[in-house]
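Engineer: what follows is a predicted structure for the sequence shown.
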Amino acid sequence: MRRPAQWALDVLILALAFGLAYLLRFDFVIPAHQFRPALVQLPLVILIQLAALVIYGIHNFIWRYVGLAESKSFAAAALVSALPLILLRLLLPEPLRELRVPLSIICMDTFLAFGGLLGMRVVRRILYERFERNRQAAARGTGRLKAVLLVGAGRAGVLAAKEILGRGDLDLEIHGFVDDELSKQGLVIQGIKVLGRTEDLPRLVRELHIDHVVITIAQASRARLRRIVDICERIPVRARIIPGLYEILEGKVQVSHIRDVQIEDLLGRDPVQLEEQTVRRFIQDQTILITGAGGSIGSELGRQVARCRPARLLLVERAEFALFEADRKLRELQPGLDIVPLVADVGDEERMRSILSNYRPQVILHAAAHKHVPLMESNAVEAIKNNVLATDSLGVLAGETEVGTFVLISTDKAVRPTSVMGASKRVAELIVQDLDRRFATRYVAVRFGNVLESAGSVIPIFREQILKGGPVTVTHPDMVRYFMTISEATQLVLQAGAMGAGGEIFILDMGEPVRIVDLARDMIHLYSPGHEEIEIVFTGVRPGEKLSEELGTQDEPMAKTRHPKILIGRIAPYPPADIAQALERMAYFSFAGDERALLKLIGDLLPEAELRAEGGAATACASPAANLPPINRSVS
């Protein structure tokens, strides 16, 4: 309904209510001497009541959605409009007595006027919903509506039911709620009955011819989700899910954004919620530099940082198109943010010195790295250049230019490494600890497991294989890994920067590891209707891989932080002389391309590492540096 028409109807209702109040006051026989005062009072009363409507934003409400929440505003507006009329009645002098509305008239008029306004809107909603029901009935006759059950009759379920019922563009017909709480059995919510518990799903799906089940439980644990999905698979019936309630309340998504259950919903650990206010104070109004900003971790870091409103966001990335995409998407999300895309290689010392000198960032989030384990086994030189030498170079520049905080992104593969990638990240952790002793900058590292949906990770590979009809390739039946979402990983990076005093290695308590073969089976069930036809093939452990990863060792005790899911690895730092000597030799061997000498050097520095004994195609260089004796680690 158009706004002018709404205003006109409101004025009409207010006028009729005032007239009815006078009729009721005088038993429908108004004395002649009361006509003139009533006519004089009418414009004043309507103006005051319209002002109250404006104050409480009544005209901003959409009529067909008016409900209990909006009725509170009508009640408040009624009280606010009555108060000035009562004051005028008590305080106006005798010459203005015609403007003094009788108290009985004020009381009756207030009730009738605002009750009438609210009632008119409720009637509009009833008519709208009746129209929608008729439309759905017609659609039902053509078989276009899908019968659904909502699992979860709590707050999220009520929100979902309300929106589905009020939306004419959704092809869903709700047949009932299912909820495990005994106190809710048989109740009617939003006109929808709670028909039973989740154990009743097989019977209800069969009797009501349900097309699919929608899980409407706010922030349900993954164990609970898995149980519901398992029940649906056995029936079988399709299971779908709404977003988390906190996302809905924050306005990030709508309840009606029902989606299929994803593998991320089922992995065996509840999401970790970090301290957003602490992170916001760390980021807000600061200049933040992110290296590797075009990668999966770096681009998500950019999104998380942008939400906290930094003064300036510097995106450093050597891949031009990846940087373009990261920059474009961030500008769409945060149009007013000062974003500076910078094409640069973090290993280019002069380029990075120029960037740090010109922009003076307060925080560096170092996400640039080579991370693919088997690939780095045959490219050890490049792994050391990027993951070790570039980290050292950038870390030194951060200290020299007085950066406030430097956060290194590490990996669980750095614990007792069996791969070049893991070893390179362990050395990078040692560098961060060493730099923290040398400069005023706070240097911290963050260690976590596999990141879901990151580039080259197992889940997109499995999904692609399933959609092609298989087979799904798994390296070993006993292979297990820790998993976390990209959002969790990036929030942990920011949390570490905000909490760290300097020199710590932060570790996320990631719960129980997941068997990769179980992950493959779950994905086959979710993404393939004929999942019994998808074969799982075991291909053997790849170079550099181990069957299970660790977040720490017995020699690295964990200390708790104020956050229950974040630990600090108490790892003894190496003597500075050992670090300096190792870096000098790594630089020489790397730029000489001497992979065999490089691997031997890493083995000397990290006695716990189990790297391959022989080098690649490169051979040891006949040079003074190559013939140096191994590092003799001094005692700190």
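Structural biologist: Cool, the structure landed.

Engineer: what residue spans form the domains of the protein?
Structural biologist: 3-134, 145-261, 276-451+483-510+550-569, 580-636 (automatic domain parsing).

Engineer: middle-most residue in the protein, spatially?
Structural biologist: The centroid of the chain falls nearest to Ser487 when counting by Cα atoms, centre = their mean (5.7 Å).

Engineer: now do the helix or strand harbouring that one, average pLDDT.
Structural biologist: Assigned by DSSP states H and E, Ser487 belongs to helix 486-499. The average of the pLDDT scores along helix 486-499 is 82.

Engineer: residues near Val480, how many?
Structural biologist: Using other Cβ atoms under 10 Å, Val480 is surrounded by 16 other residues. C-beta: built from backbone N, CA, C; applies to glycine.

Engineer: should've said Ser183
Structural biologist: 8.

Engineer: surely it is in a helix?
Structural biologist: Yes. Checked against DSSP: H, G, I helix; E, B strand; the rest coil, Ser183 lies within a helix.

Engineer: and it, how far is that from Arg197?
Structural biologist: To Arg197, Ser183 is 12 Å away according to Cβ to Cβ, to the nearest Å.

Engineer: for His33, same thing?
Structural biologist: Relative to Arg197, and taking Cβ to Cβ, His33 is found at 70 Å.

Engineer: about what we covered before: distance to Glu535 for the domains of the chain - can I get that in TSV?
Structural biologist: TSV is the format used below for these (distance: least, Cβ to Cβ, whole Å):
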stretch	distance to Glu535
domain 3-134	47
domain 145-261	19
domain 276-451+483-510+550-569	23
domain 580-636	31
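
Engineer: what about the residue nearest to Tyr443 when sequence neighbours are not counted, how many residues nearby?
Structural biologist: What sits nearest to Tyr443 in space, not counting adjacent residues and going by Cβ to Cβ, 6 or more residues apart in numbering, is Asp436, at 4.0 Å. Residues contacting Asp436 under the criterion other Cβ under 10 Å number 23.

Engineer: now the host helix or strand of Arg303: mean pLDDT?
Structural biologist: Taking DSSP H and E as the definition, Arg303 sits inside helix 296-307. What helix 296-307 shows for mean pLDDT is 91.

Engineer: counting contacts, what elements does it pack onto?
Structural biologist: Here helix 296-307 touches strand 287-291, strand 312-317, helix 320-333, strand 363-366, helix 486-499, going by 3 or more Cβ pairs under 8 Å, 6 or more residues apart in numbering; DSSP states H and E.

Engineer: those: which one's closest to Arg3?
Structural biologist: helix 320-333 (31.6 Å; Cβ to Cβ).

Engineer: okay, the angle between the closest one and strand 312-317?
Structural biologist: Angle of helix 320-333 versus strand 312-317, following axes from the mean of the first three to the mean of the last three Cα atoms, to 10 degrees, is 150 degrees.

Engineer: got the buried residues for helix 320-333?
Structural biologist: Within helix 320-333, the residues scored as buried using 16 or more other Cβ atoms under 10 Å are Ala322, Leu323, Ala326, Asp327, Leu330.

Engineer: let me know the closest of the residues you listed to Phe462.
Structural biologist: The closest of those to Phe462 turns out to be Ala322 (Cβ to Cβ; 23.5 Å).

Engineer: checking Phe28 next. Helix, strand or coil?
Structural biologist: coil.

Engineer: phi and psi next, for it.
Structural biologist: phi 70, psi 20 (degrees, to the nearest 10).

Engineer: count the neighbours of it for me.
Structural biologist: Using other Cβ under 10 Å, Phe28 is surrounded by 9 other residues.

Engineer: check the one 3 residues further on too.
Structural biologist: Using other Cβ under 10 Å, the number of residues around Pro31 comes to 7.

Engineer: for stretch 342-362, measure first residue to last.
Structural biologist: Length of stretch 342-362, first residue to last, Cα to Cα, to the nearest Å: 17 Å.

Engineer: check which helices and strands the helix or strand hosting Asp604 sits against.
Structural biologist: For Asp604, the host element (DSSP H and E) is helix 595-605. With contacts taken as 3+ Cβ pairs under 8 Å, 6+ apart, helix 595-605 sits against helix 380-384, helix 420-438, helix 576-592.

Engineer: just want the angle from it to helix 420-438.
Structural biologist: Here helix 595-605 runs at an angle of 50 degrees relative to helix 420-438 (the same axes, to 10 degrees).

Engineer: okay, the angle between helix 595-605 and helix 576-592?
Structural biologist: If you take the same axes, to 10 degrees, helix 595-605 sits at 170 degrees to helix 576-592.

Engineer: now the closest residue to Arg515 other than its chain neighbours: how far from Ser548?
Structural biologist: Leaving aside its chain neighbours, Arg515 sits nearest to Val480 (5.2 Å; criterion: Cβ to Cβ, 6+ apart). Note on Val480: its distance to Ser548, by Cβ to Cβ, is 5 Å.

Engineer: same check, this time on Val537
Structural biologist: Separation of Val537 from Ser548 (Cβ to Cβ): 21 Å.

Engineer: then Leu599?
Structural biologist: Taking Cβ to Cβ, one finds Leu599 at 23 Å from Ser548.
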